[in-house]
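Q: Build me a structure from this.
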Amino acid sequence: MTRASHLLRRALASLVTVYVVVTLNFLLFRVLPGDAIANMSHVPGSSEAMRDALRKQFGLNDSLWTQYWLYLDQLLHGHLGISYANQQPVGHRLVVAFGNTLVIVAAGMVIALVLGVLTGMLSAWFRGTWVDRVSTATAIGFYSVPTHVLGLLLVLWFGTRLPTQGMTDEFAIDSSFAQRLADVGQHMILPSVTIGLIMFGQYTLVVRSTMLETLGDDHVLTARALGAKPARILRKHVLPNAMLPLTTLTALSLGGLIGGTILVETVFSWPGVGRAMYDAVIERDYPMLQGVFLFLTVIVVLLNLVADVIAVRLDPRVAAE
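A: All right, here's what the predicted structure looks like:
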(Lines give C-alpha, C1' and ligand atoms only; values in the text may rest on other atoms or scores of the structure.)
Protein backbone atom coordinates (compact mmCIF):
# COMPACT_ATOMS: atom_id res chain seq x y z
CA MET A 1 0.00 0.00 0.00
CA THR A 2 1.35 3.42 -0.98
CA ARG A 3 1.78 6.26 1.46
CA ALA A 4 -1.00 8.34 -0.18
CA SER A 5 -3.54 5.50 -0.16
CA HIS A 6 -2.75 4.72 3.47
CA LEU A 7 -3.31 8.32 4.52
CA LEU A 8 -6.50 8.57 2.41
CA ARG A 9 -7.89 5.45 4.07
CA ARG A 10 -7.09 6.87 7.49
CA ALA A 11 -8.73 10.20 6.62
CA LEU A 12 -11.94 8.47 5.48
CA ALA A 13 -11.97 6.37 8.64
CA SER A 14 -11.61 9.58 10.66
CA LEU A 15 -14.63 11.15 8.93
CA VAL A 16 -16.74 8.07 9.61
CA THR A 17 -15.64 8.12 13.25
CA VAL A 18 -16.65 11.76 13.63
CA TYR A 19 -20.10 11.11 12.10
CA VAL A 20 -20.74 8.11 14.38
CA VAL A 21 -19.71 10.13 17.41
CA VAL A 22 -21.92 13.04 16.32
CA THR A 23 -24.93 10.69 16.21
CA LEU A 24 -24.13 9.04 19.53
CA ASN A 25 -23.43 12.45 21.01
CA PHE A 26 -26.90 13.62 20.02
CA LEU A 27 -28.70 10.51 21.30
CA LEU A 28 -26.79 10.22 24.56
CA PHE A 29 -28.19 13.37 26.14
CA ARG A 30 -31.74 12.73 24.89
CA VAL A 31 -32.08 9.40 26.67
CA LEU A 32 -31.08 10.84 30.04
CA PRO A 33 -33.92 11.87 32.35
CA GLY A 34 -34.56 15.56 32.93
CA ASP A 35 -33.20 18.61 31.17
CA ALA A 36 -32.14 22.18 31.91
CA ILE A 37 -35.71 23.47 31.49
CA ALA A 38 -37.15 20.95 33.95
CA ASN A 39 -34.53 21.96 36.51
CA MET A 40 -35.90 25.50 36.37
CA SER A 41 -39.00 24.36 38.25
CA HIS A 42 -37.03 24.94 41.47
CA VAL A 43 -36.10 28.50 40.48
CA PRO A 44 -38.22 31.16 42.25
CA GLY A 45 -40.53 32.96 39.81
CA SER A 46 -40.38 30.19 37.23
CA SER A 47 -43.77 29.30 35.73
CA GLU A 48 -44.96 26.44 33.54
CA ALA A 49 -45.79 28.91 30.76
CA MET A 50 -42.25 30.25 30.79
CA ARG A 51 -40.80 26.74 30.71
CA ASP A 52 -43.06 25.78 27.80
CA ALA A 53 -41.92 28.90 25.92
CA LEU A 54 -38.28 27.98 26.49
CA ARG A 55 -38.88 24.40 25.32
CA LYS A 56 -40.45 25.75 22.15
CA GLN A 57 -37.60 28.22 21.65
CA PHE A 58 -34.96 25.51 21.90
CA GLY A 59 -36.97 22.96 19.91
CA LEU A 60 -37.32 20.50 22.78
CA ASN A 61 -40.97 19.82 21.90
CA ASP A 62 -40.06 18.60 18.40
CA SER A 63 -39.67 14.92 17.60
CA LEU A 64 -36.28 13.29 18.13
CA TRP A 65 -35.84 12.87 14.38
CA THR A 66 -36.56 16.55 13.74
CA GLN A 67 -34.13 17.60 16.45
CA TYR A 68 -31.47 15.30 14.94
CA TRP A 69 -31.72 16.77 11.44
CA LEU A 70 -31.78 20.29 12.86
CA TYR A 71 -28.65 19.45 14.84
CA LEU A 72 -26.86 18.13 11.73
CA ASP A 73 -27.92 21.19 9.71
CA GLN A 74 -26.53 23.52 12.37
CA LEU A 75 -23.24 21.60 12.48
CA LEU A 76 -22.86 21.83 8.69
CA HIS A 77 -23.28 25.59 8.98
CA GLY A 78 -20.74 25.81 11.80
CA HIS A 79 -23.26 26.40 14.59
CA LEU A 80 -22.97 24.39 17.80
CA GLY A 81 -26.13 25.86 19.31
CA ILE A 82 -26.91 28.24 22.14
CA SER A 83 -26.10 27.39 25.74
CA TYR A 84 -29.16 26.85 27.91
CA ALA A 85 -27.30 28.21 30.93
CA ASN A 86 -26.28 31.68 29.74
CA GLN A 87 -27.74 32.11 26.24
CA GLN A 88 -24.29 32.45 24.67
CA PRO A 89 -23.10 30.67 21.50
CA VAL A 90 -21.49 27.36 22.40
CA GLY A 91 -18.80 27.80 19.77
CA HIS A 92 -17.60 31.08 21.24
CA ARG A 93 -17.43 29.65 24.76
CA LEU A 94 -15.54 26.59 23.52
CA VAL A 95 -12.95 28.69 21.69
CA VAL A 96 -12.24 30.68 24.85
CA ALA A 97 -12.20 27.55 27.04
CA PHE A 98 -9.97 25.66 24.62
CA GLY A 99 -7.47 28.52 24.58
CA ASN A 100 -7.30 28.40 28.37
CA THR A 101 -6.88 24.62 28.39
CA LEU A 102 -4.25 24.68 25.66
CA VAL A 103 -2.05 26.97 27.78
CA ILE A 104 -1.71 24.56 30.71
CA VAL A 105 -1.66 21.46 28.48
CA ALA A 106 1.19 22.86 26.36
CA ALA A 107 3.19 23.84 29.45
CA GLY A 108 2.50 20.48 31.09
CA MET A 109 3.49 18.62 27.91
CA VAL A 110 6.81 20.48 27.77
CA ILE A 111 7.49 19.54 31.40
CA ALA A 112 6.53 15.92 30.72
CA LEU A 113 8.69 15.62 27.58
CA VAL A 114 11.76 17.17 29.19
CA LEU A 115 11.50 14.99 32.30
CA GLY A 116 10.50 11.91 30.33
CA VAL A 117 13.33 12.09 27.79
CA LEU A 118 16.00 12.88 30.42
CA THR A 119 14.94 10.17 32.87
CA GLY A 120 14.39 7.67 30.05
CA MET A 121 17.87 8.31 28.68
CA LEU A 122 19.47 8.00 32.11
CA SER A 123 17.53 4.85 32.90
CA ALA A 124 18.54 3.17 29.63
CA TRP A 125 22.18 4.27 29.69
CA PHE A 126 22.65 3.13 33.31
CA ARG A 127 20.54 0.02 32.97
CA GLY A 128 20.47 -2.19 36.05
CA THR A 129 22.00 0.42 38.36
CA TRP A 130 20.37 2.42 41.13
CA VAL A 131 19.85 5.26 38.64
CA ASP A 132 17.70 2.96 36.49
CA ARG A 133 15.73 1.69 39.46
CA VAL A 134 15.06 5.15 40.91
CA SER A 135 14.10 6.66 37.53
CA THR A 136 11.75 3.81 36.63
CA ALA A 137 10.13 3.65 40.08
CA THR A 138 9.61 7.42 40.13
CA ALA A 139 8.07 7.40 36.66
CA ILE A 140 5.69 4.54 37.49
CA GLY A 141 4.83 6.13 40.82
CA PHE A 142 3.77 9.47 39.35
CA TYR A 143 1.94 7.79 36.47
CA SER A 144 -0.06 5.71 38.96
CA VAL A 145 -1.15 8.60 41.18
CA PRO A 146 -4.73 9.80 40.48
CA THR A 147 -4.71 13.23 38.89
CA HIS A 148 -6.93 14.90 41.47
CA VAL A 149 -4.92 13.42 44.35
CA LEU A 150 -1.67 14.85 42.98
CA GLY A 151 -3.37 18.19 42.38
CA LEU A 152 -4.67 18.35 45.94
CA LEU A 153 -1.26 17.41 47.32
CA LEU A 154 0.35 20.25 45.37
CA VAL A 155 -2.30 22.61 46.74
CA LEU A 156 -1.46 21.50 50.29
CA TRP A 157 2.30 21.78 49.77
CA PHE A 158 2.49 25.00 47.75
CA GLY A 159 -0.85 26.69 48.44
CA THR A 160 0.73 29.32 50.67
CA ARG A 161 3.25 30.38 48.02
CA LEU A 162 1.43 29.97 44.72
CA PRO A 163 -2.16 30.71 43.54
CA THR A 164 -4.38 27.64 43.62
CA GLN A 165 -7.71 28.87 42.22
CA GLY A 166 -8.76 30.48 38.96
CA MET A 167 -6.74 31.94 36.12
CA THR A 168 -6.19 35.48 37.41
CA ASP A 169 -6.45 37.47 40.62
CA GLU A 170 -10.04 38.74 40.76
CA PHE A 171 -9.01 41.68 42.96
CA ALA A 172 -6.31 42.95 40.59
CA ILE A 173 -7.55 46.10 38.82
CA ASP A 174 -5.88 48.54 36.46
CA SER A 175 -3.02 46.09 35.90
CA SER A 176 -0.58 46.48 33.04
CA PHE A 177 -0.18 43.82 30.36
CA ALA A 178 3.05 42.60 31.94
CA GLN A 179 1.39 42.32 35.35
CA ARG A 180 -1.58 40.40 33.93
CA LEU A 181 0.79 38.07 32.07
CA ALA A 182 2.77 37.43 35.25
CA ASP A 183 -0.48 36.84 37.15
CA VAL A 184 -1.65 34.21 34.65
CA GLY A 185 1.80 32.63 34.69
CA GLN A 186 1.69 32.22 38.47
CA HIS A 187 -1.81 30.74 38.38
CA MET A 188 -0.88 28.18 35.73
CA ILE A 189 2.19 26.80 37.53
CA LEU A 190 0.43 24.23 39.71
CA PRO A 191 -2.03 22.95 37.04
CA SER A 192 0.80 22.65 34.50
CA VAL A 193 3.12 20.88 36.94
CA THR A 194 0.31 18.47 37.83
CA ILE A 195 -0.18 17.57 34.16
CA GLY A 196 3.56 17.29 33.57
CA LEU A 197 4.18 14.99 36.55
CA ILE A 198 1.26 12.73 35.64
CA MET A 199 2.35 12.42 32.00
CA PHE A 200 6.15 12.14 32.15
CA GLY A 201 6.12 8.57 33.45
CA GLN A 202 4.86 7.02 30.23
CA TYR A 203 7.40 8.99 28.19
CA THR A 204 10.18 7.74 30.48
CA LEU A 205 9.19 4.12 29.94
CA VAL A 206 8.84 4.51 26.16
CA VAL A 207 12.20 6.27 25.77
CA ARG A 208 13.90 3.71 28.02
CA SER A 209 12.45 0.74 26.13
CA THR A 210 13.30 2.15 22.70
CA MET A 211 16.82 3.15 23.71
CA LEU A 212 17.55 -0.27 25.20
CA GLU A 213 16.66 -1.86 21.87
CA THR A 214 18.78 0.62 19.93
CA LEU A 215 21.81 0.37 22.24
CA GLY A 216 22.14 -3.28 21.26
CA ASP A 217 22.16 -2.59 17.50
CA ASP A 218 25.31 -3.25 15.48
CA HIS A 219 25.88 0.38 14.44
CA VAL A 220 25.79 1.53 18.08
CA LEU A 221 28.18 -1.22 19.17
CA THR A 222 30.50 -0.28 16.30
CA ALA A 223 30.44 3.39 17.32
CA ARG A 224 31.30 2.43 20.89
CA ALA A 225 34.15 0.21 19.70
CA LEU A 226 35.55 3.08 17.63
CA GLY A 227 35.67 5.24 20.75
CA ALA A 228 32.78 7.59 20.01
CA LYS A 229 31.78 9.75 22.95
CA PRO A 230 28.57 8.76 24.79
CA ALA A 231 26.96 12.13 24.03
CA ARG A 232 27.57 11.65 20.29
CA ILE A 233 26.22 8.10 20.37
CA LEU A 234 23.04 9.27 22.08
CA ARG A 235 22.57 12.25 19.77
CA LYS A 236 23.42 10.62 16.46
CA HIS A 237 22.45 6.97 16.80
CA VAL A 238 20.06 6.42 19.70
CA LEU A 239 17.70 9.38 20.08
CA PRO A 240 16.60 9.52 16.40
CA ASN A 241 15.31 5.94 16.69
CA ALA A 242 13.40 6.84 19.86
CA MET A 243 11.59 9.72 18.18
CA LEU A 244 9.06 7.61 16.22
CA PRO A 245 7.30 5.96 19.19
CA LEU A 246 7.72 9.10 21.32
CA THR A 247 6.21 11.37 18.64
CA THR A 248 3.31 9.00 18.07
CA LEU A 249 2.65 8.67 21.79
CA THR A 250 2.81 12.44 22.26
CA ALA A 251 0.24 13.09 19.51
CA LEU A 252 -2.09 10.38 20.83
CA SER A 253 -1.80 11.36 24.49
CA LEU A 254 -2.29 15.06 23.71
CA GLY A 255 -5.85 14.50 22.51
CA GLY A 256 -6.78 12.48 25.56
CA LEU A 257 -5.02 14.95 27.80
CA ILE A 258 -7.08 17.89 26.53
CA GLY A 259 -10.26 16.01 27.36
CA GLY A 260 -8.84 14.60 30.58
CA THR A 261 -8.06 17.96 32.14
CA ILE A 262 -11.49 18.02 33.78
CA LEU A 263 -10.02 16.83 37.10
CA VAL A 264 -7.11 19.27 36.97
CA GLU A 265 -9.32 22.20 36.01
CA THR A 266 -11.88 21.30 38.67
CA VAL A 267 -9.25 21.10 41.42
CA PHE A 268 -7.69 24.42 40.43
CA SER A 269 -10.91 26.10 39.14
CA TRP A 270 -9.20 26.69 35.80
CA PRO A 271 -11.74 27.98 33.21
CA GLY A 272 -10.97 25.50 30.43
CA VAL A 273 -12.74 22.79 28.44
CA GLY A 274 -12.76 20.36 31.35
CA ARG A 275 -14.34 22.90 33.68
CA ALA A 276 -16.88 23.82 31.00
CA MET A 277 -17.82 20.14 30.70
CA TYR A 278 -18.20 19.82 34.47
CA ASP A 279 -20.44 22.91 34.69
CA ALA A 280 -22.53 21.72 31.73
CA VAL A 281 -23.15 18.35 33.40
CA ILE A 282 -24.29 20.05 36.60
CA GLU A 283 -26.61 22.40 34.67
CA ARG A 284 -27.80 19.75 32.16
CA ASP A 285 -26.79 22.12 29.40
CA TYR A 286 -27.30 19.82 26.38
CA PRO A 287 -25.90 22.14 23.67
CA MET A 288 -22.77 22.84 25.71
CA LEU A 289 -22.21 19.16 26.48
CA GLN A 290 -22.73 18.21 22.85
CA GLY A 291 -20.34 20.93 21.77
CA VAL A 292 -17.66 19.87 24.27
CA PHE A 293 -17.83 16.19 23.35
CA LEU A 294 -17.88 16.92 19.62
CA PHE A 295 -14.99 19.33 19.99
CA LEU A 296 -12.93 16.80 21.96
CA THR A 297 -13.76 14.06 19.46
CA VAL A 298 -12.56 16.13 16.52
CA ILE A 299 -9.37 17.03 18.43
CA VAL A 300 -8.62 13.39 19.24
CA VAL A 301 -9.38 12.18 15.70
CA LEU A 302 -7.25 14.94 14.15
CA LEU A 303 -4.33 14.20 16.46
CA ASN A 304 -4.59 10.50 15.64
CA LEU A 305 -4.45 11.41 11.97
CA VAL A 306 -1.46 13.68 12.61
CA ALA A 307 0.23 10.81 14.44
CA ASP A 308 -0.32 8.57 11.40
CA VAL A 309 1.12 11.20 9.07
CA ILE A 310 4.19 11.65 11.29
CA ALA A 311 4.66 7.89 11.65
CA VAL A 312 4.54 7.39 7.86
CA ARG A 313 6.92 10.32 7.39
CA LEU A 314 9.45 8.95 9.87
CA ASP A 315 9.05 5.30 8.84
CA PRO A 316 7.48 4.59 5.39
CA ARG A 317 7.16 0.92 6.34
CA VAL A 318 4.11 1.86 8.45
CA ALA A 319 2.08 2.46 5.28
CA ALA A 320 2.81 -1.08 4.10
CA GLU A 321 1.31 -2.70 7.20
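Q: Identify, by residue count, the longest helix of this protein.
A: When secondary structure is assigned using DSSP state H, the longest helix within the chain turns out to be helix 90-125.
Q: Residues in contact with the next helix-or-strand element following it: which ones?
A: Using DSSP states H and E, the helix or strand that follows helix 90-125 towards the C-terminus is helix 130-144. Residues outside helix 130-144 that contact it (C-beta atoms under 8 Å, 6 or more residues apart in numbering): 116, 119-120, 122-124, 126, 150, 197-202, 204-205, 208. For glycine as for every other residue, the C-beta is placed from the backbone atoms N, C-alpha and C.
Q: so the longest helix of the chain versus helix 130-144, what angle?
A: Orientation check (axes from the mean of the first three to the mean of the last three C-alpha atoms, to 10 degrees): helix 90-125 against helix 130-144 gives 160 degrees.
Q: Quick check: buried residues in stretch 13-20?
A: Going by neighbour count (16 or more other C-beta atoms under 10 Å), the buried part of stretch 13-20 is Ser14, Thr17, Val18.
Q: from the residues you listed, which is closest to Gln67?
A: Minimum distance to Gln67 across the buried residues of stretch 13-20 is 19.4 Å, recorded for Val18 (C-beta to C-beta).
Q: I'd like to know how many residues surround the closest residue to that closest one other than its chain neighbours.
A: Using C-beta to C-beta, 6 or more residues apart in numbering and skipping residues adjacent in sequence, the residue nearest Val18 is Val301, 5.8 Å away. The number of residues packed near Val301 is 20, by other C-beta atoms under 10 Å.
Q: you'd agree Val301 is in a helix?
A: Yes. Residue state for Val301 (DSSP: H, G, I helix; E, B strand; the rest coil) corresponds to a helix.
Q: any idea how far Asn25 is from Thr204?
A: 35 Å (C-beta to C-beta, to the nearest Å).
Q: Quick check on these two: which one has the bigger neighbour count.
A: Thr204 (28 against 18).
Q: So that one is in contact with Ala112, correct?
A: No. Thr204 is beyond contact range of Ala112, at 9.3 Å (criterion: C-beta atoms under 8 Å).
Q: Quick check: phi and psi on the closest residue to Val103 other than its chain neighbours?
A: Nearest in space to Val103, with sequence neighbours left out and distances taken as C-beta to C-beta, 6+ apart, is Met188 at 6.1 Å. In terms of degrees, to the nearest 10, the main-chain angles of Met188 are phi -90, psi 0.
Q: Can you pull out the low-pLDDT segments for the stretch 201-321 of the chain?
A: 216-220, 224, 230-231, 235, 237, 255-256, 259, 311, 314-321 (pLDDT under 70).
Q: same thing with the stretch 51-200 of the chain?
A: 51-52, 54-62, 172, 174.
Q: Tabulate the buried residues of stretch 13-20 (JSON lines), appending secondary structure, pLDDT and distance to Ile104.
A: Below are the buried residues of stretch 13-20 laid out as JSON lines (DSSP: H, G, I helix; E, B strand; the rest coil; pLDDT from 0 to 100; distance: C-beta to C-beta, whole Å):
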{"residue": "Ser14", "secondary structure": "helix", "pLDDT": "81", "distance to Ile104": "27"}
{"residue": "Thr17", "secondary structure": "helix", "pLDDT": "85", "distance to Ile104": "27"}
{"residue": "Val18", "secondary structure": "helix", "pLDDT": "83", "distance to Ile104": "26"}
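Q: now these in JSON lines, with distance to Asn100?
A: Converted to JSON lines, those look like this (distance: C-beta to C-beta, whole Å):
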{"residue": "Ser14", "distance to Asn100": "26"}
{"residue": "Thr17", "distance to Asn100": "27"}
{"residue": "Val18", "distance to Asn100": "24"}
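Q: between the residues you listed, which is nearest Pro240?
A: Ser14 (28.3 Å).
Q: Please tell me how far that closest one sits from Gly260.
A: Where Gly260 is concerned, Ser14 sits at a distance of 20 Å (C-beta to C-beta).
Q: quick one: contacts of stretch 146-155?
A: The contact list for stretch 146-155, computed with C-beta under 8 Å, 6+ apart, reads 142, 164, 190-191, 193-194, 197-198, 260, 263-264, 266-268.
Q: same thing with stretch 82-97?
A: With C-beta under 8 Å, 6+ apart as the test, stretch 82-97 has contacts from 36-37, 58, 78-81, 271-273, 275-276, 279-280, 283-288, 290-292, 295.
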